[in-house]
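Colleague: Okay, predicted coordinates and the sequence, questions at the end:
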Amino acid sequence: MQPAIANPLDEKLWQALQTSHLRLASHVEFSQQLHRGQLWVIIHDPVRNQFYKTTPEIQQLLQSLDGKRRLDEILAAQPALQTIVQERAQALKILAQLLEAGLLQGDFKYDYGEDLERQRQKNRLLGKMRWQRPWMLKMPLFNPDRQLDWLYRKTRLIWSAPALLVWLLTMVAALVALVDHFPQLKAYWSTRFLDPVNLLLLILVYPLLKAVHELSHGLTTKKWGGQVYEVGLMFLVFMPVPYVDASGSTQFPIKQQRMLVAAAGVMTELFCAALALFIWIASDNILVRDLCMNVMIIGAVSSVVFNGNPLLRFDAYYVLSDWLEIPNLGSRASLYLSKRWQQILLGVEPEPMPMAEGEKKWLLLYGILSGTYRLILSFTIALYIAGHYFFIGVLLALWAAVLQIVLPFGKGLAKLYEVAKTHGRRPRFFLAYGAILAALYAGLFVVPVRHATQAEALLRVDGGYQIKAGAEGFLQEILVHNGEQVTAGQPLLVLQNSALPAQLDAVLAQIAEMEILLSRYLTTVPDQAGFYRDQLQRLRQEESDLRESLANLTVTSAVAGRVEIPAPDDQLGRYFAKGDLLGHVLTKDAHRLVALVPERLGDGVLRDVQRARVRMATDPGHEYSAVDLQAVPQAVAQLPDAYFGSRRGGAISVDISDNSGTRALEPYFQVEMRLDVQDQPPLAGRGRVLFVHSDEPLGLRWLRQLRHLLLQRFEI
């Protein structure tokens, strides 16, 4: 078998190593880990806190380096190491890394020449990476190992089974409370999150909570005797955030230990978020609620979206990597996808990639999902910020496009072109990418796709079709059933007011007395009879009103139609004031549907509606058609009805400081329409309208929306 030589420079380096007398630094530490049934060795440099992964054979070679024998003599003396000679790429890589780190000492001499130029290219690449990430700069501060040892001894009960049970019960209780109070939390967040005072509070809370997060990593590392050599500040978008280097857990032999170290920060933040939720529910102080809301957003939302998401290279990524027993999952997945793409596009078989059994499916799945998620997340954040701070959001979107689309695509294209050039596949390269660009253009600007806009709606019954209390009283009896057809003038409800008969008797007695007085004054003192005449007239009007109120205690239908009384059993015995709404009598032409379309989506509704479909919350399985659409051309933030708003259970977020609950956080177009009802009309209430537009290509739609956004922002 011939040795695997892929690069002439690597062969020159190997020849130089063969004749060298090398010795491994005495402070180097070894530990072993089992990944998918294969034994691996972790090399630890405690001085620089660096880790290297290798095989047991290479560990045996490194431990045989005594500084007296040459490398080729050591290899010849140990037949078990002959596999290193035959497949030397991995050994060459680890030896070069240890030489560069100063962990191998001896008389090694090598003219780096072209290797030096490759190192310069590597440094230039690192410089570009720093330019691409100016928002993430690290500043080490000190070695916290001794302080963490002391703190762990004081807090070791936190890592006990009872403490874990408390954490689990707290998470369950918080989840139940979150479900119960989610509408209120959503409304509060939508109105308070971008408030300048709250943003300032968020800036203060974020580093404090992250300090607790990082401390959890460090203390959990101490749980199994790991070392923590560095604590410092990381400047994320110029905001100082503490960090702890818990890479000492890398050498833990049991994967569950490494997983718990990685998960400790997220678990701590979730616990803090749960406590903040309980305080938010119990408190009425707006400052306390803002503080708790920020803790919940940072500890729960950001943990799930960022640290708790394995598709980003944060805490959950390392948990997943250890659980799958696939080290360097992200980088290996990217490498595997690039090799597969090269094979599919050019038909060139790539260099084999060493993989354990079952790794291929995970690398393929993770590579696709992580890349897609990072792209979607970046643009989602940018678009959200653009909705409130336009220029900042646009800059972030452009930055995300350059970093995650343009640069990776350009780099991959250049690398693939070199492969095509080397293997004589340039025609296939240009043909393949030409076909991809043509398909992309057709998909964006040629092929029409379905286009529709969804909007919140409220179905109301107007005027004489409403059943209202004609007098104040307690609902005593309901004479009809929901859905029953009634005629005009038919009794529907009976109210009871025991005070009205007594008041009528008192008024009648006063009228009799006033008639006697008026008769007396007319015969004796006519000039003073006018006062009693006015009083008698007032009392007779009061009598008329009382008799009308008594008659109105029996509520009748103003029109013929179908009766709808919400929750009739709950209404019995309830007090109603005069004019309170008791229900509706529904007819085909009684309904008026009002839909609200956000201004950013209103262009299609104002310009082109082919048809409108309606589904009501009271009957979601039935779809209605809407006709006679009339749109108000001016978007306003004032809602036509408080039931649209989040304070009354609606889906539209409103300003929490507005007591009426009708001031939305963004402008809406109002569209009025009538339901095309063939049989029985639906019950009044909330619903959703789907405005169906003409089919058009996605690219044209996005360009029009971008143009509309620019015109709106620049007020052109």
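Modeller: Alright, I've got the coordinates.

Colleague: Show me the residue at the heart of the chain, geometrically.
Modeller: For the chain, Val305 is the residue whose C-alpha lies nearest the centre (CA atoms, centre = their mean; 6.2 Å).

Colleague: remind me which residues of the stretch 451-600 of the chain are low pLDDT?
Modeller: By pLDDT under 70, the weakly predicted segments of the stretch 451-600 of the chain are 461-464, 588-591.

Colleague: Please identify the buried residues of stretch 171-186?
Modeller: Ala174, Ala177, Leu178, Leu185 (16 or more other CB atoms under 10 Å). Where C-beta positions appear, they are placed from N, C-alpha and C, glycine not excepted.

Colleague: from the chain's centre, how far out does the host helix or strand of the last one sit?
Modeller: By that I understand Leu185. Mapping Leu185 onto the secondary structure by DSSP states H and E places it in helix 161-192. Offset of helix 161-192 from its chain centre (CA atoms, centre = their mean, to the nearest Å): 16 Å.

Colleague: can you check stretch 54-62 too?
Modeller: That offset, for stretch 54-62, works out to 46 Å (CA atoms, centre = their mean).

Colleague: cool, stretch 620-638 as well?
Modeller: 29 Å.

Colleague: Same check on stretch 58-66?
Modeller: That offset, for stretch 58-66, works out to 50 Å (CA atoms, centre = their mean).

Colleague: Give the residue spans of the stretch 51-200 of the chain that score low on pLDDT.
Modeller: In the stretch 51-200 of the chain (pLDDT under 70), the answer is 82, 85-87, 109-137, 194.

Colleague: So which residues of it form helices?
Modeller: 56-64, 71-77, 82-86, 89-100, 114-132, 145-155, 161-192, 196-223 (DSSP state H, counting those that start in this stretch).

Colleague: now those as a markdown table including distance to Leu364?
Modeller: Formatted as a markdown table, these follow (distance: least, CB to CB, whole Å):
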| stretch | distance to Leu364 |
| --- | --- |
| helix 56-64 | 29 |
| helix 71-77 | 37 |
| helix 82-86 | 29 |
| helix 89-100 | 23 |
| helix 114-132 | 26 |
| helix 145-155 | 40 |
| helix 161-192 | 33 |
| helix 196-223 | 30 |
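
Colleague: Nearest to Val559, out of those helices?
Modeller: Taking CB to CB, helix 161-192 is the member of the helices of the stretch 51-200 of the chain nearest to Val559, at 35.7 Å.

Colleague: on contacts alone, who are the packing partners of that closest one?
Modeller: helix 255-282, helix 286-296 (3 or more CB pairs under 8 Å, 6 or more residues apart in numbering; DSSP states H and E).

Colleague: Any idea which of the helices of the stretch 51-200 of the chain gets closest to Tyr373?
Modeller: helix 114-132 (19.0 Å).

Colleague: residues in contact with the residue lying closest to Thr268 once chain neighbours are set aside?
Modeller: Leaving aside its sequence neighbours, Thr268 sits nearest to Ser216 (CB to CB, 6 or more residues apart in numbering; 4.2 Å). Residues in contact with Ser216 (CB atoms under 8 Å, 6 or more residues apart in numbering) are Ala264, Gly265, Met267, Thr268.

Colleague: hang on, the earlier thing: and of the helices of the stretch 51-200 of the chain, who's closest to Pro427?
Modeller: helix 114-132 (29.4 Å).

Colleague: ok so, going back, can I get the helices and strands packed on helix 161-192 in JSON lines with mean neighbour count and mean pLDDT?
Modeller: As requested, the helices and strands packed on helix 161-192 are exported to JSON lines (neighbours: other CB atoms under 10 Å; pLDDT from 0 to 100):
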{"stretch": "helix 255-282", "mean neighbour count": "20", "mean pLDDT": "93"}
{"stretch": "helix 286-296", "mean neighbour count": "20", "mean pLDDT": "91"}
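
Colleague: Turn those into a markdown table, including distance to Gln32.
Modeller: Converted to a markdown table, the helices and strands packed on helix 161-192 look like this (distance: least, CB to CB, whole Å):
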| stretch | distance to Gln32 |
| --- | --- |
| helix 255-282 | 12 |
| helix 286-296 | 41 |
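
Colleague: looking at those, which is closest to Gly483?
Modeller: helix 255-282 (39.4 Å).

Colleague: Which other helices and strands does that closest one contact?
Modeller: Going by 3+ CB pairs under 8 Å, 6+ apart, helix 255-282 lies up against helix 161-192, helix 196-223, helix 286-296, helix 315-324.

Colleague: In CSV, list those helices along with distance to Phe644.
Modeller: Conversion of the helices and strands packed on helix 255-282 to CSV gives the following (distance: least, CB to CB, whole Å):
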stretch, distance to Phe644
helix 161-192, 13
helix 196-223, 25
helix 286-296, 24
helix 315-324, 38
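
Colleague: Quick check: which of the ones you listed is nearest to Phe691?
Modeller: helix 161-192 (23.8 Å).

Colleague: Check for me that Gln227 belongs to a helix.
Modeller: No: membership of Gln227 in a helix is not supported by DSSP: H, G, I helix; E, B strand; the rest coil, which gives coil.

Colleague: okay, now it: neighbour count?
Modeller: 19 (other CB atoms under 10 Å).

Colleague: ditto for Gly470
Modeller: Neighbours of Gly470 (other CB under 10 Å): 20.

Colleague: Can you report phi and psi for the residue nearest to it when sequence neighbours are not counted?
Modeller: Excluding the flanking residues, the one nearest Gly470 by CB to CB, 6+ apart is Asn552, at 2.8 Å. Note on Asn552: backbone dihedrals following degrees, to the nearest 10 are phi -80, psi -10.

Colleague: Give me the neighbour count for Asn552.
Modeller: Quick note: Asn552 (other CB under 10 Å) scores 19 neighbours.

Colleague: Please name the residues that touch Leu81.
Modeller: Per CB under 8 Å, 6+ apart, neighbours of Leu81: Glu57, Gln60, Leu61, Ile74, Leu75.

Colleague: quick one: the residue located most distally from the centre of the chain and Leu518, what's the gap?
Modeller: Most distant from the centre of the chain: Thr524, at 88.8 Å, with distances by CA atoms, centre = their mean. Distance, Thr524 to Leu518, using CB to CB, to the nearest Å: 11 Å.

Colleague: for Ala471, same thing?
Modeller: 30 Å.

Colleague: Same check on Val419?
Modeller: 115 Å.

Colleague: now do Leu81
Modeller: Counting by CB to CB, the gap from Leu81 to Leu518 is 130 Å.
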